[in-house]
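K.L.:
below are the sequence and a predicted model; questions follow.
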Amino acid sequence: MNANPVNTKTVNNHAAQQPQTPSSHMIAVLTGIAMLSGFLVVLTAQVTEPMIAENQRVAIEAAIQQVIPGAVDNKKYRLSDGQLLLVQKGSKDPLIYAGYNANGELLGIAAEAGAQGYAGMVNLLYGYDPDCQCIRGFKVLKMAETPGLGDKIISDSNFQANFPVDATVDSDSGKLANAITTVKNGSKKNSWEIDAISGATVTSRAVGKALNQSAQAILPDLLPFIERIKYKEAEQ
Amino acid sequence: MPGDTLSFIFLNTILANNFVLAMFLGLCPFLGVSGKLNTAIPMGIASAFVMLVSSISAYAINLALVALDLEFLRLIAYITVIASVVQLVEMMLKKYSPTLFRSLGIFLPLITTNCAILGLALFQTFKEYNFSQSLTYALGAGVGFTLALTLMAGLREKLALSKLPGVSKGAALSLMLGGLLSLAFMGFAGLGSN
Amino acid sequence: MSRPRDNTITMETFTEGLWKENPVFVMLLGMCPVLAVTNSAINALAMGLATMFVLLASSIMVSMFSRYIPKQVRIATYIVIIATFVTIVDYVIQAISLDLYNALGAFIQLIVANCMILGRAEAYASKYKPLKAIVNGLGMGLGFTLALLSLGVVREILGAGSLFGISLFGDQFQPWVVMVLPAGGFLVLGTWLLLFDWIKQRQIVLETGGKETHAR
């Protein structure tokens, strides 16, 4: 479909010096090449598709295991208009993962969150424990923060010690009872506050903001359904 | 991300995530035609113009490809369309504005191999920008590219007059300058975060 | 269409890509990935190998078909061929390792715009027989990979204190963070180029017996 403009240009450039090649020949060659390349690309896409899907599954499972310790199995859900829907296999936007232990008992919920950091988006997966109504921890999925400063949110043990962070839902207002906030280094007083890393305040704030936004959006709608997904086999 | 505001995209693309100095896109023209100010500026403007046009085309192609479930053809479609757009722009300029063509003409073929153009098309797709966001992104990228090129050309014009050890002339010097500029632009990081 | 050309393969066919016409250090081609993905040795290696594959595969295709491609549409054809192989590499890397794919980001797809590959297709592969094009492409690809590695290794050692992810210096080491940031890429490549220029000048000086010390 793109052959024609390219075609005309080169004709313009060379027509003067060259004996004319019939345009049918040029179109035939371009069509041939396009078909060959289309064939190769489709072939590769078909062959690698299951491998890529498998890789993605392994990656997300490893991340879930990290934020919900002990989870050996998971199911994907999606919240839509206050309804909790099981996401069919192959769907691209699983938003909530329920992690189960070997006996099929619910250990926790994992969800993705993201906020603007210092040098781009900080994308996280965090683990929510319905028993303590708190966020157990998070794993960075993707970020471009300054190495040595911003990436302390992963390595700094004091920052990791902020967790669990309280995320109790106030059933009257349908919001978190206390919004998750990032506070200045050393001034954390309540369990819903996150102590910022000095020297990486912006990144620390991004973590707090991402967690708060996602928890405010998901948890109030999700809680009524926790009983239903308590056991892996309970609902299909 | 889809939620970014237009002003954030625009400023961020010019300064904090400058295509040349932070993302390493379009380095060939950055090193190649940044010797003189009066070539660097037209080159920047020509690139910015092509960026705008190919951003619009890339947006349209992506809509079509997603609708037809043919995403694996995205790269091939983008590069052929960008090459065609550059050619089309060249032909239209030649016909309708010969003066502009004379001042920009020699730069246009160089733009096809400028990875900033393809990079722009790919990044706007990855970031799932809508139409107006894509346009702003392209505009910011173009302005940022022109800015980097102009700064570099200004510095190199001055340096051409100063005494330097023979071995450090040429590409090595340009790269060192690029490094310093990039360091300076690092100061813009964090722009737009609260 | 086919021109009578010398199709004999010499050592030179292979080695010119490594030293004399090294795509990065001498020709300054394909600079975007050179600087963008060389913040660690493993990324540099992967990028180099991916580029080498695209270069080799497209050289073979172009060399085989160049007799049938009308001159007027050759650039369009080359671009489509290159884009095809880049798409293939893109999928294969995703299938091998998602971490690597995320680290390299869009720069795999940007191999298409690497002027080295189009340049080689136009200037070399279209004029010589496949075997010679392969040998030359191998040399060029290796030269490109080595150049990427030489940047990646330096930047990773200085900027993160490790090599291929293995920590070298223990906890005492304070990483020189700038080296893995964009600015470091410019500075390290600039230093390499200085070194190369200096070696070349030394050679000239030695060959001419020191008479042209002030050449250039």
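P.N.:
It's in.

K.L.:
low-confidence ranges in chain B?
P.N.:
B:1-3, B:103-107, B:112-113, B:166-169, B:190-194 (pLDDT under 70).

K.L.:
cutoff 80 now
P.N.:
Within chain B, the segments meeting pLDDT under 80 span B:1-4, B:28-29, B:31-36, B:39, B:89-90, B:93, B:97, B:99-114, B:163-171, B:189-194.

K.L.:
where do the strands sit along chain C?
P.N.:
C:162-163, C:166-167 (DSSP state E).

K.L.:
out of those, nearest to chain B?
P.N.:
strand C:162-163 (22.2 Å; CB to the nearest CB). (C-beta placed from N, C-alpha, C; glycine too.)

K.L.:
okay, now the sheet partners of the closest one, with direction.
P.N.:
The strands beside strand C:162-163 in its sheet (DSSP bridges) come out as strand C:166-167 (antiparallel).

K.L.:
do you know how far residue A:35 is from residue C:84?
P.N.:
Residue A:35 sits 11 Å away from residue C:84, taking CB to CB, to the nearest Å as the criterion.

K.L.:
and the two? which has more neighbours close in?
P.N.:
Just comparing residue A:35 and residue C:84: by other CB atoms under 10 Å in any protein chain shown the higher neighbour count belongs to residue C:84, 27 against 10.

K.L.:
so the closest residue to the more buried one other than its chain neighbours is in which element?
P.N.:
Excluding its sequence neighbours, the residue lying closest to residue C:84 (CB to CB, 6 or more residues apart in numbering or on different chains) is residue A:37, at 3.7 Å. In this assignment (DSSP states H and E), residue A:37 forms part of helix A:23-67.

K.L.:
can you mark which positions in the next helix or strand after that helix are buried?
P.N.:
Later in the chain than helix A:23-67, the nearest helix or strand by DSSP H and E is strand A:73-80. Neighbour-count burial for strand A:73-80 flags A:74, A:75, A:76, A:77, A:79 (criterion: 16 or more other CB atoms under 10 Å in any protein chain shown).

K.L.:
OK, contacts around the spatially most central residue of chain C?
P.N.:
Centre of chain C computed as the mean C-alpha position; nearest residue by CA atoms, centre = their mean is residue C:144, 2.4 Å away. If a contact means CB atoms under 8 Å, 6 or more residues apart in numbering or on different chains, then residue C:144 has C:17, C:22, C:23, C:24, C:30, C:48, C:51, C:52, C:55, C:116 as its contacts.

K.L.:
by neighbours, which of those wins?
P.N.:
Neighbour-wise, the contacts of residue C:144 (other CB under 10 Å) top out at residue C:55, 29 neighbours.

K.L.:
tell me how far it lies from chain B.
P.N.:
Residue C:55 sits 15 Å away from chain B when distances are taken as CB to the nearest CB, to the nearest Å.

K.L.:
is the lengthiest helix in chain B in proximity to chain C?
P.N.:
The residue-count maximum for a helix in chain B (DSSP state H) belongs to helix B:37-68. No - between helix B:37-68 and chain C, judged by CB under 8 Å from any CB of the partner chain, nothing touches; the nearest distance is 12.0 Å.

K.L.:
is it true that residue C:28 touches residue B:30?
P.N.:
No - if you go by CB atoms under 8 Å, residue C:28 and residue B:30 don't touch, sitting 11.0 Å apart.

K.L.:
between these two, which has more neighbouring residues?
P.N.:
With neighbours defined as other CB under 10 Å, residue C:28 and residue B:30 compare such that residue B:30 has more, 29 against 22.

K.L.:
report the contact partners of the closest residue to the more buried one other than its chain neighbours.
P.N.:
Among residues not flanking residue B:30 along the chain, residue B:20 sits closest, at 5.1 Å (CB to CB, 6+ apart). Residues near residue B:20 by CB under 8 Å, 6+ apart: B:26, B:27, B:30, B:116, B:144, B:145, B:148, B:149, B:178.

K.L.:
make JSON lines from these and add secondary structure to it.
P.N.:
Below are those laid out as JSON lines (DSSP: H, G, I helix; E, B strand; the rest coil):
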{"residue": "B:26", "secondary structure": "coil"}
{"residue": "B:27", "secondary structure": "helix"}
{"residue": "B:30", "secondary structure": "helix"}
{"residue": "B:116", "secondary structure": "helix"}
{"residue": "B:144", "secondary structure": "helix"}
{"residue": "B:145", "secondary structure": "helix"}
{"residue": "B:148", "secondary structure": "helix"}
{"residue": "B:149", "secondary structure": "helix"}
{"residue": "B:178", "secondary structure": "helix"}
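
K.L.:
thanks a lot, see you next time.
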